[in-house]
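Visitor: Curious how this folds, go ahead:
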Amino acid sequence: MAKIFQVSARAGMTRVVEPLARGLLRAGVTPNAVTVTGTIGVLVGALGFGARGQLVAGAVIVTIFALTDLLDGTMARMSGGSTRFGAFLDSSMDRVADSAVFGAVAYWLATQGNHRGMAAALLCLAAGGLVSYVKARAEGLGMTANVGVAERTERLLIVGVGGLLTGVGVDPALEIALWLLAAVSIFTVGQRMTHVYRQAQSQPDGVPR
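Guide: Numbering: from 1, shown residues only. Got it, this is the predicted structure:
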């Protein structure tokens, strides 16, 4: 059910994003420029607003610029496919943005004396990085790991909703969202490792660790 929802939501967003992607390409904007711009926007929202406790503004800014992850991918597809450097840049900028978001959240919660929430944010940061690493490592070994309930867009949306609700007065929302996110991220790591294990069982060994 979660996967059906993800596919439907992404399909709906694609219909919105495609006209904008075409317009940017006609204007000479490259997918890589959108990738970098989106990362800068997330950094501004997370470090400039979220880390200072301005959670509503931070959540809105981060969400808007995080959606450029769909935009640059659509632009790359329309222009003939992503280059190897483009794929490398996109993945690298995603890690920068994720680190800024969860680092900012952890910092703000620490300033509020909420050490449980800070621990959850740091756990989300570690687990989120592991979700991405498992996929990248699997692909580097000739396998796939395109499974899981907590991919990057879903992770940012969960923490964004939690931050937004806390910003408007629902104080426990952010901490609850972080613990939920930590749980589903760890579950996703397990899903991906199981998926890779099953593929590895049908392939010969001999790949160096």
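
Visitor: Give me the most central residue, this protein.
Guide: Relative to the mean C-alpha position of the chain, the nearest C-alpha, by Cα atoms, centre = their mean, is the one of residue 152, at 2.7 Å.

Visitor: That one: what's its closest spatial neighbour, skipping adjacent residues?
Guide: Nearest residue to residue 152, sequence neighbours excluded (Cβ to Cβ, 6 or more residues apart in numbering): residue 94, at 6.1 Å. (C-beta placed from N, C-alpha, C; glycine too.)

Visitor: Moving along the chain from the strand or helix carrying the one you found, name the first helix or strand you hit.
Guide: Assigned by DSSP states H and E, residue 94 falls within helix 84-111. Next along the chain after helix 84-111, taking DSSP H and E as the criterion, comes helix 115-140.

Visitor: helices and strands around the helix holding residue 94, which ones?
Guide: Applying 3 or more Cβ pairs under 8 Å, 6 or more residues apart in numbering; DSSP states H and E, we find helix 84-111 packed against helix 31-43, helix 55-66, helix 68-78, helix 115-140, helix 152-167, helix 173-201.

Visitor: Now do that helix against helix 173-201, angle only.
Guide: Orientation check (axes from the mean of the first three to the mean of the last three Cα atoms, to 10 degrees): helix 84-111 against helix 173-201 gives 140 degrees.

Visitor: Give the buried residues for helix 84-111.
Guide: By 16 or more other Cβ atoms under 10 Å, the buried positions in helix 84-111 come out as 86, 89-90, 93-94, 97-98, 100-109.
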